[in-house]
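Peer 1: Below are the sequence and a predicted model for it; my questions follow.
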Amino acid sequence: MGFFLPKKFQELVWMVSSGQLLIATGMGHEIVGFIIPELRDRTIAMLRHGWFNTSNGVESYSRWETATCFWFHWAGVLMVVTGWLMHCYEKDCKKPLPASFAWMFLVLSIMGVVACPLSGFWLGLAIAIRQLWCTPSKTR
């Protein structure tokens, strides 16, 4: 998987769980959401209006703009929660996630890459491949 990466980086990648990598991806997603001015300004406007029913539009932002902002942030939160569950499973069960989950994650990541090639779905694809790599061959 990582023969193109420096040895120290390869060791770091294998020290963390797939869940921790997904948590980091979700946190990065949230950070990007607050760095991009269009998303940041919409988020601030939504929070200023109390968040309730703000996906229907607030201030000068249309329903489409605020709904897009909401789902962008919600995707990051879901990545963090899913990553946490993955990590807890890997830690508590002391084994990799089931192969069926890894395959499902791979298919969803491929669908995301196909729909949005210039996005972070490539990180999901890398995590899914890593999961399959860690899954014992008899369960793949």
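Peer 2: Right, received. Where do you want to start? Only a predicted model underlies this, so the values are computations on that prediction, with no experimental measurement involved. Residues are numbered from 1 along each chain as shown.

Peer 1: wait, doesn't Cys134 sit right on Lys95?
Peer 2: No: with contact defined as Cβ atoms under 8 Å, Cys134 does not reach Lys95; the gap is 9.3 Å. Placement of C-beta: from N, CA and C, glycine included.

Peer 1: if we look at stretch 98-111, which residues are touching it?
Peer 2: Stretch 98-111 is contacted by residues Pro96, Phe121, Gly124, Leu125, Ile127, Ala128, Ile129, Gln131, Leu132, Thr135, Thr139, Arg140 when judged by Cβ atoms under 8 Å, 6 or more residues apart in numbering.

Peer 1: Can you classify Gly50 by secondary structure?
Peer 2: Of the three states, Gly50 takes coil under DSSP: H, G, I helix; E, B strand; the rest coil.

Peer 1: So it versus Ser119, what's the distance?
Peer 2: 30 Å (Cβ to Cβ, to the nearest Å).

Peer 1: thinking again about what came up before, now for Cys134 and Lys95: what residues contact both?
Peer 2: Joint contacts of Cys134 and Lys95 (Cβ under 8 Å, 6+ apart) do not exist.

Peer 1: Alpha carbons of the helix or strand harbouring Thr25, as CSV, please.
Peer 2: Per DSSP states H and E: Thr25 is located in helix 18-35. What follows is helix 18-35 as a C-alpha-only set of coordinates in CSV (Å, rounded to 0.1, in the frame of the first residue of the first chain):
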residue,chain,number,x,y,z
SER,A,18,-9.0,2.8,10.2
GLY,A,19,-11.5,4.4,12.6
GLN,A,20,-8.9,7.0,13.8
LEU,A,21,-8.1,7.8,10.1
LEU,A,22,-11.8,8.4,9.4
ILE,A,23,-12.1,10.6,12.6
ALA,A,24,-9.2,12.6,11.3
THR,A,25,-10.8,12.9,7.9
GLY,A,26,-14.1,14.1,9.4
MET,A,27,-12.3,16.7,11.5
GLY,A,28,-10.4,17.8,8.5
HIS,A,29,-13.7,18.1,6.7
GLU,A,30,-15.1,20.4,9.4
ILE,A,31,-11.9,22.5,9.4
VAL,A,32,-12.2,22.9,5.6
GLY,A,33,-15.9,24.0,6.1
PHE,A,34,-14.7,26.8,8.4
ILE,A,35,-11.8,27.8,6.1
